[in-house]
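J.: Just to be clear, the model below is a prediction. Sequence and coordinates:
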Amino acid sequence: MPGLGAALPAAALLLLLSSFPPAAAEQPLWPFAPGVMHALNPSDRQASKAAWVALHYANFKAASPSLLRVLGQVQKVLGIKAALPSLHSAIRLHCRLNLPLFQFIQGVGMKYYLHFTTDDYINGENAGSCLATVLYLKRSPPEVNIKCADIQDKKQIQEQDNRFYQYLQHRTKPIIANDIPDSHGNIAHAHLPLWGLAVAGGSFIMLKKSTENLGYFLAQVKAVKQQIRKNNAVELEFMILLHETPTQKIYPCYMHLIWILDHPLTLKYICTSVNHWLEDGSGQDYGSAAGMFHEKEGNF
């Protein structure tokens, strides 16, 4: 995927990030009552923000550098049958109104019911549509339920993942790379799988940090280094930059990722802000997050 094709993900990301206005005190634009379903304009920013939260969940769960989705467009629903048993009643209402829905749940948080299209994160091709619910909780990360149409070539995706996995497994010298994408927004073809793994792992961090008013996107992999192992695991250490919207703040995050083909990703992360605030979290327990943070300067 040489030339312009390799630059598309970063260019599209930069365009997306620039579409968000500067930080402002966001207030709900609609009156709502607890438990009542309300229609939401598909072009509303809250709808796209919730759809991205659902995709962060899906991209992390996929545990694949090749099977990643980016938001296409939040849509009206035209005769779609319910794909998620737990969503039957909501989706039936969703279909009658032909609009995204949201619901304020007293003492819990705001819940969104969405239908949206997706594109492949790497090549930009149509990746099918998804039905999802996103429940923003007051003191916990969002809860997501999502089902996507399976139109991508699974065999091709598995082959791509396996080639990259075997390449990393058989290296005697670690991969070391910096600035993905570069200052011009380009991603070298050889770095696309590394970018894909950073997106997959970073999606867990972005999901955990997301709120109804704050969204996150992976802006850049500042540095990545492989740790050579003698077992069947691939171990990578990343320093990534997350872009927070609408505040436009940038958060550096140190991410320690373990990838075993066809298994869930395992990671530890710590994020910092300009105020040196630290956040420690994990996708699955692995090692010491605090120790990993202090090792970073030497590793990179």
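T.: Nice, I can see it.
J.: how about the spatially closest residue to Phe238 that is not a sequence neighbour, what does it touch?
T.: Excluding the flanking residues, the one nearest Phe238 by CB to CB, 6 or more residues apart in numbering is Met255, at 4.4 Å. Every C-beta, even on glycine, is put in place using the N, C-alpha and C of the backbone. Residues near Met255 by CB atoms under 8 Å, 6 or more residues apart in numbering: Ala198, Gly201, Gly202, Ile205, Glu237, Phe238, Met239, Ile240, Leu267, Lys268, Tyr269.
J.: what lines up beside the helix or strand in which Met255 is found in the sheet?
T.: In this assignment (DSSP states H and E), Met255 forms part of strand 250-259. Paired with strand 250-259 in the same sheet, following DSSP bridges, are strand 234-245 (antiparallel), strand 266-272 (antiparallel).
J.: right, and those strands - which one's nearest Leu168?
T.: strand 234-245 (4.6 Å; CB to CB).
J.: How about Leu242, nearest residue that isn't a chain neighbour?
T.: Tyr251 (4.5 Å).
J.: What count of nearby residues applies to the one you found?
T.: 20 (other CB atoms under 10 Å).
J.: That one reaches Thr245, doesn't it?
T.: No - Tyr251 lies out of contact with Thr245 (CB atoms under 8 Å); the separation is 11.7 Å.
J.: Now do the shared contacts for these two.
T.: Common neighbours of Tyr251 and Thr245 (CB under 8 Å, 6+ apart) are Tyr216.
J.: what angle separates the one helix or strand Tyr167 maps to from strand 234-245?
T.: Using DSSP H and E, Tyr167 sits within helix 154-169. With axes from the mean of the first three to the mean of the last three CA atoms, to 10 degrees applied, the angle from helix 154-169 to strand 234-245 works out at 110 degrees.
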